[in-house]
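1. build me a model:
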Amino acid sequence: MNSENHLDLFSEAYTSNFAYDLDNQLMLHWYPTRIAPKLNSGSLLELGLGHGYSTKVFSNLIDDYSVIDGSSSVIQQFRTKYPELHSVKIIHSFFEDFESTDKFDNIVMGFVLEHVNDPTAILKQFQRMLSENGKLFIAVPNATSLHRQLGLGAGLIEDMYQLSAADLELGHKRIFDVNSLTDTIVQSGLKIKSMEGIFLKPLTTDQLLKLLLPKEVLNSMMQLGVEYPELSNALLVECTV
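-> The predicted structure is shown next:
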């Protein structure tokens, strides 16, 4: 693979310099802990290294653990930040190009489907790699989150489904809601076992930062999101074949 590819252009958004690092710190630390108790024993294949937060969680739970990532810059950032996780098998490949005859007991797509050209095709491709009782976990941003709805009502945004500056900086191609994500999953042939929300966010990131909220309040926003997927900042789904 050419080490200079379009994914490397977005690697800066995966550092602490990113304007929405608060959201990343909260959500990306949170969702792996929600997935962890639901994991099957056996093998795990994850799509994307991102910040490496989920990798750190899953590597302590699953021995047979592989991660696919198409960005050489993100891989290098991960290796530099987490030298102790040298045993994690990292596969440098675009998701669309990955092929394997192996069957995985768990597949995790944490904030992946908003980046790819054809989410349904990706789900179909990887569900073929699930074991008979395998689980596939999906996390994506949610267009109808409370703070987007408030922004629309206040006239701060014109369309909840319009990609924000943060979305573009992260390389997002779309944003889902409960209905569109459900439709995409069903069209791929997968079944939804459960859906929950991630981060019930009442205000913009800039406004939350200015409030200097204690961690207990932020944690409460994360916990409340579980029960309100339609209003949460992101969606987390557990799927089966």
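2. wait, isn't Lys173 in contact with Leu113?
-> No: judged on CB atoms under 8 Å, Lys173 makes no contact with Leu113 at a distance of 9.3 Å. In short, each C-beta sits where N, CA and C put it, glycine included.
3. and the residue lying closest to Tyr161 once chain neighbours are set aside, what pLDDT?
-> Leaving aside its sequence neighbours, Tyr161 sits nearest to Ala143 (CB to CB, 6 or more residues apart in numbering; 4.9 Å). pLDDT for Ala143: 96.
4. repeat for the one 4 residues further on
-> At His147 the predicted local confidence, pLDDT, stands at 93.
5. what sits against the closest residue to it other than its chain neighbours?
-> Here the nearest residue to His147 in space, its sequence neighbours aside, is Lys201; by CB to CB, 6+ apart that works out to 4.8 Å. Taking CB atoms under 8 Å, 6 or more residues apart in numbering, we find Lys201 in contact with 23, 145-147, 208, 221, 225, 232-233.
6. what's the spacing between Lys201 and Gln162?
-> Going from Lys201 to Gln162 by CB to CB, to the nearest Å gives 17 Å.
7. low-confidence stretches in the protein?
-> For the chain, applying pLDDT under 70 flags the ranges 1-20.
8. helices or strands next to the biggest helix by length in the chain in the packing?
-> For the chain, the helix reaching the highest residue count under DSSP state H is reported as helix 21-35. Identification of packing neighbours for helix 21-35 by 3 or more CB pairs under 8 Å, 6 or more residues apart in numbering; DSSP states H and E yields helix 53-59, strand 104-110, strand 130-141, strand 191-198, helix 205-211, helix 215-225, strand 234-240.
9. export the ones you listed to CSV and tack on distance to Thr120 and mean neighbour count?
-> As requested, the helices and strands packed on helix 21-35 are exported to CSV (distance: least, CB to CB, whole Å; neighbours: other CB atoms under 10 Å):
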stretch, distance to Thr120, mean neighbour count
helix 53-59, 23, 20
strand 104-110, 13, 23
strand 130-141, 12, 21
strand 191-198, 14, 17
helix 205-211, 30, 13
helix 215-225, 26, 15
strand 234-240, 13, 22
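10. which stretch among these comes nearest Ala36?
-> When the helices and strands packed on helix 21-35 are compared by CB to CB, helix 53-59 sits nearest Ala36, at 6.1 Å.
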